[in-house]
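Asker: dropping a prediction and its sequence here:
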Amino acid sequence: MKVRSESLESHPYDLVIVGSGLAGMRAALAAAHLSEGRLKIALISKLHAMRSHSVSAEGGISGVLYPGEADDSTDLHAFDTVKGGDYLGDQPAIETLVAEAPREIRFFDHLGAPWNRDDNGKIVLRAFGGMTVPRTAFAADKTGFFMMSALYDSLLSFPGIDILHEHYVTDLLLKDGVFRGFFALELATGQPRFFPAKAGIIATGGFARMYAFTTTAYSSTGDGIALAYKAGLPIKDMEFVQFHPTGLIPTGVLITEAARGEGGYLVNSEGRRFMEDYAKSKMELAPRDIVSRAMITELGKGHGLLHEVSGMTHLQLDLRHIGEEKIDERLPMIKEIAIKLLGIDPAHAPLPVRPAAHYTMGGIHDNLAGQVMLDDSSTPVEGLWAAGECGCVSVHGANRLGSNSLSHCVIWGRMTGEAAARRAMEMKSSPSGDEVKADLDAACGRLDRLLSRPGTEDAYRLRRELGETLDAHVHVYRDEQGLKKAETILAGLRGRFAEVGVEDTSEVFNTNLRDVLEIGNMLELAQAVTAGALARRESRGSHARTEHTTRDDANFLKHTLAYRTEGLPRLSYIPVARTRWEPMERKY
């Protein structure tokens, strides 16, 4: 396989969106609606678009649909989110989320999302961790799938939208602080393609797959974040990785928080609901960072059980008291997963679970409008936005509350889609490849060198060592000794990656090449995670340092920015945006 710049195909569009999950699809639909279908839009996915990880979202989407009922309000939703994020969230972004979420839930209702309803036809709201009252709309435990299906069906009605399945984007092209396009490989043919565009949106999701034990799909490798990082743009708050309390043993497959929202119990080896020792008022519905720390502490005390096949220690999620009828109505996929993977019917036996890497609060540094930022000033890249989990608009702070993620994806998907469409309609012509010819030649050259290397290192071995390192040293609890060890190991892995080769030299569906590129991205992002965690000498949200156990607002009420170098990342800091809520002790 050869990647030559002279064979580079150019495909100009008004708007190019990379990533086909909820954020990317919502952006495409918003842009098409705003432009009344006049824009030529490309939605690029490294997978088939409907295989994006958003289809795995289970529990629901947050929003105050019925203000006044159960004493709920958007102010209360905002405060829950500020507090849940341990006061690191930018409060203007949080206020935007809570104000816009009800509109988005109703929009998806109009698209045909089958929300669970009561006998009177009202959308049912379930409880989620860290939320004062139930405010999570859901479609059984397949919410993401149904929302994605509604979006995908709607996109097919716009002839100006090209959904480009199985294209892997390797480079973001900028010129003098202005977005120019994306460079990609069509996986089916191995052909390099340049996508010049008037506007671009990155919506590629998170990077939790760098961990060995994780709930996320194998595709969650942080490619879009790495695009920005390698283009010299800052990435923000990468040290904040959320661990979901209930990853199913031994696979890590997600058992949705909705299982606890419907009344499930976490119990230790003694059959005791141990959360009363850690968050007595909220029990299993405390925020995920608190529940995950409690579970790791219980396991450390020897209160876990041993999984005989994997050798992993775990706790148990008990749903038996909920009853088979309610499980079949509200949690049918969880039942199906448990039976298929473990032969356990949760209506009759508890499930083995432990915390698993799940969500990444950090990502591309963007502002309230979703514009990607050039640096730590207030200057954005012209024509480029980020949406969803890959963009750190700082709405989740140091710890995301469950069901706020889907709200985040679709709200900023719509906002960035509309903003990008306005820019595209204002511009007369797309940029040409001549402006970035040197960058395109360099992108082709990097791929050619990778493909022609003899390869003395196995990329898959590096991936295993990466996951093992992060699981051991950059997990729920971190300490300076472990983080420094991880930093050293990661530097060595990145150095060894320079000797990785691609064994498969075919052009058709070269998944070996794609895997190698993904692994390279994860190694670089892992360095940013570790550097940020080592520098942040406090405990805040998902970042828990054993030797700095309290939150330090005097020194660390600020966002971390990481810039790529050939060695360790360069860090800088910017302040948290606050409006109404001052930091206080976080009690549950």
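Answerer: Cool, the structure landed. As the structure is a computational prediction, the values presented were derived from the model and not from experiment.
Asker: who are the packing partners of the longest helix along the chain?
Answerer: Counting by DSSP state H, the longest helix found in the chain is helix 511-535. Counting by 3 or more C-beta pairs under 8 Å, 6 or more residues apart in numbering; DSSP states H and E, the packing neighbours recorded for helix 511-535 are strand 167-175, helix 223-230, helix 437-452, helix 459-473, helix 480-497, strand 558-563, strand 570-575. Using the backbone N, CA and C atoms, a C-beta is placed for each residue, glycine as well.
Asker: what are the contacting residues of the first one?
Answerer: Residues outside strand 167-175 that contact it (C-beta atoms under 8 Å, 6 or more residues apart in numbering) are 18, 44-46, 179-187, 193-194, 196, 200, 202, 223-224, 227-228, 230-232, 381, 384, 431, 435-436, 439-440, 443, 446-447, 514, 517.
Asker: in its sheet, what does that strand sit against?
Answerer: Strand pairing for strand 167-175, determined by DSSP bridges: strand 178-186 (antiparallel).
Asker: and the strand it pairs with, what's its mean pLDDT?
Answerer: For strand 178-186, the mean pLDDT works out to 96.
Asker: now do stretch 576-588
Answerer: In this model, stretch 576-588 has a mean pLDDT of 95.
Asker: how long is that stretch end to end?
Answerer: This stretch, stretch 576-588, spans 23 Å end to end (C-alpha to C-alpha, to the nearest Å).
Asker: cool, and stretch 50-66?
Answerer: The separation between the terminal residues of stretch 50-66, taken as C-alpha to C-alpha, is 31 Å.
Asker: quick revisit: lowest average confidence across the helices and strands packed on helix 511-535, which one?
Answerer: Per-segment confidence across the helices and strands packed on helix 511-535 bottoms out at helix 437-452, which has a mean of 92 in mean pLDDT.
Asker: what does that helix contact?
Answerer: With C-beta under 8 Å, 6+ apart as the contact definition, helix 437-452 has outside contacts at 1-5, 8, 170-171, 173, 183, 185, 192, 194, 433, 500-502, 505, 513, 516.
Asker: stretch 90-108 too?
Answerer: Contact partners of stretch 90-108, identified using C-beta under 8 Å, 6+ apart, comprise 61-65, 74-75, 77-78, 81-82, 85, 115, 123, 137, 147, 150, 368, 393-395, 397, 404, 407-408, 410-411, 414, 576-581.
Asker: and the helices and strands packed on helix 511-535: which comes nearest Val529?
Answerer: Closest approach to Val529 among those (C-beta to C-beta): helix 459-473, 7.7 Å.
Asker: put the alpha carbons of the closest one into PDB.
Answerer: What follows is helix 459-473 as a C-alpha-only set of coordinates in PDB (Å, rounded to 0.1, in the frame of the first residue of the first chain):
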ATOM      1  CA  ALA A 459       1.600  -1.900  18.300                       C
ATOM      2  CA  TYR A 460      -0.800  -4.300  20.000                       C
ATOM      3  CA  ARG A 461       1.700  -5.100  22.700                       C
ATOM      4  CA  LEU A 462       2.100  -1.300  23.300                       C
ATOM      5  CA  ARG A 463      -1.700  -1.000  23.600                       C
ATOM      6  CA  ARG A 464      -1.800  -3.700  26.200                       C
ATOM      7  CA  GLU A 465       1.000  -2.100  28.200                       C
ATOM      8  CA  LEU A 466      -0.700   1.300  27.900                       C
ATOM      9  CA  GLY A 467      -4.000  -0.100  29.400                       C
ATOM     10  CA  GLU A 468      -2.100  -2.000  32.100                       C
ATOM     11  CA  THR A 469      -0.200   1.100  33.100                       C
ATOM     12  CA  LEU A 470      -3.200   3.300  33.300                       C
ATOM     13  CA  ASP A 471      -5.300   0.800  35.200                       C
ATOM     14  CA  ALA A 472      -2.400   0.400  37.700                       C
ATOM     15  CA  HIS A 473      -1.300   4.000  38.200                       C
END
